[in-house]
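K.L.:
what follows is a protein structure lacking sequence information:
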């Protein structure tokens, strides 16, 4: 079977068995291992989950999300109502530092600004508001304060990659400029690519990670013919 067809079928099954997603409303197209999701979903959280479902499938190189959030009935909220709800969930989230985040809401899109010391704090703020009813999208512009020199940061990233057992760590090149990390090289799957990026983001003071890692498909080895 063609690899792209197999990937498409696997993603459709992954979506179908996810009770939080209406798989019938999501189109899946695959070309050369690159997946495009199209259609509509009821919430922004479902949009994120659909992307994660596609990324879990082996041999997926990248995912382009063209899903739109369609709000109807009770899911519709005014921007003022959504802003109040967002402020409340941020205030009650222990992973989000108080008085460091500013938010604005326009046409059901939430924009987050401010500075934090750790990437997980930025992610926590985005995740907190992503699951609110009425959200169509999030523009997370929170920045992370640099805490270490570029040389020290590079050492920390390389050591973390080795500790976490990235199978092809020897093929991953780490470059650091100020508070920005760039990853180059090859990995065996999109999951491994994401793992390397998460490892880089976990280093304190990282403000940006440019993930240039390529997903290299394993080469099938034909068994040697028996001697006649």
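P.N.:
Thanks, I have it. Computed from a predicted model, the values in this text were never measured in an experiment.

K.L.:
list the contacts of residue 61.
P.N.:
Each residue near residue 61 by C-beta atoms under 8 Å, 6 or more residues apart in numbering is listed here: 32-34, 190, 215. Yep, even glycine has a C-beta here, placed from its N, CA and C like the rest.

K.L.:
show me which pair in these is furthest apart.
P.N.:
The largest separation in these, counting by C-beta to C-beta, is between 32 and 190 at 13.5 Å.

K.L.:
neighbour-wise, which of those two wins?
P.N.:
residue 190 (22 against 8; other C-beta atoms under 10 Å).

K.L.:
and what about the closest residue to the more buried one other than its chain neighbours, helix, strand or coil?
P.N.:
Among residues not flanking residue 190 along the chain, residue 60 sits closest, at 4.9 Å (C-beta to C-beta, 6 or more residues apart in numbering). Of the three states, residue 60 takes coil under DSSP: H, G, I helix; E, B strand; the rest coil.

K.L.:
equivalent analysis for the one 5 residues further on, please.
P.N.:
Reducing the assignment to helix, strand or coil with three-state DSSP, the entry for residue 65 is strand.

K.L.:
tally of neighbours for it?
P.N.:
14.

K.L.:
can you give me the strands in this structure?
P.N.:
Counting by DSSP state E, one finds strands in the chain at the ranges 26-31, 34-41, 62-69, 101-106, 109-116, 137-140, 143-144, 172-177, 180-187, 208-211, 214-215.

K.L.:
could I get these as CSV with distance to residue 85 and mean pLDDT?
P.N.:
Conversion of the strands of the chain to CSV gives the following (distance: least, C-beta to C-beta, whole Å; pLDDT from 0 to 100):
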stretch, distance to residue 85, mean pLDDT
strand 26-31, 26, 94
strand 34-41, 19, 93
strand 62-69, 16, 91
strand 101-106, 9, 93
strand 109-116, 10, 92
strand 137-140, 13, 92
strand 143-144, 24, 85
strand 172-177, 38, 88
strand 180-187, 33, 88
strand 208-211, 29, 88
strand 214-215, 38, 84
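
K.L.:
tell me how far residue 214 lies from residue 173.
P.N.:
12 Å (C-beta to C-beta, to the nearest Å).

K.L.:
any common contacting residues for the two?
P.N.:
residue 185.

K.L.:
name the residues that touch stretch 93-104?
P.N.:
Here stretch 93-104 has contacts from 83, 86-87, 90-91, 110-117, 120-121, 124-125, 128-129, 142, using C-beta under 8 Å, 6+ apart.

K.L.:
any weak-confidence spans in this structure?
P.N.:
Scanning the chain for pLDDT under 70 picks out the ranges 1, 72-76, 146-148, 165-170, 217-228.
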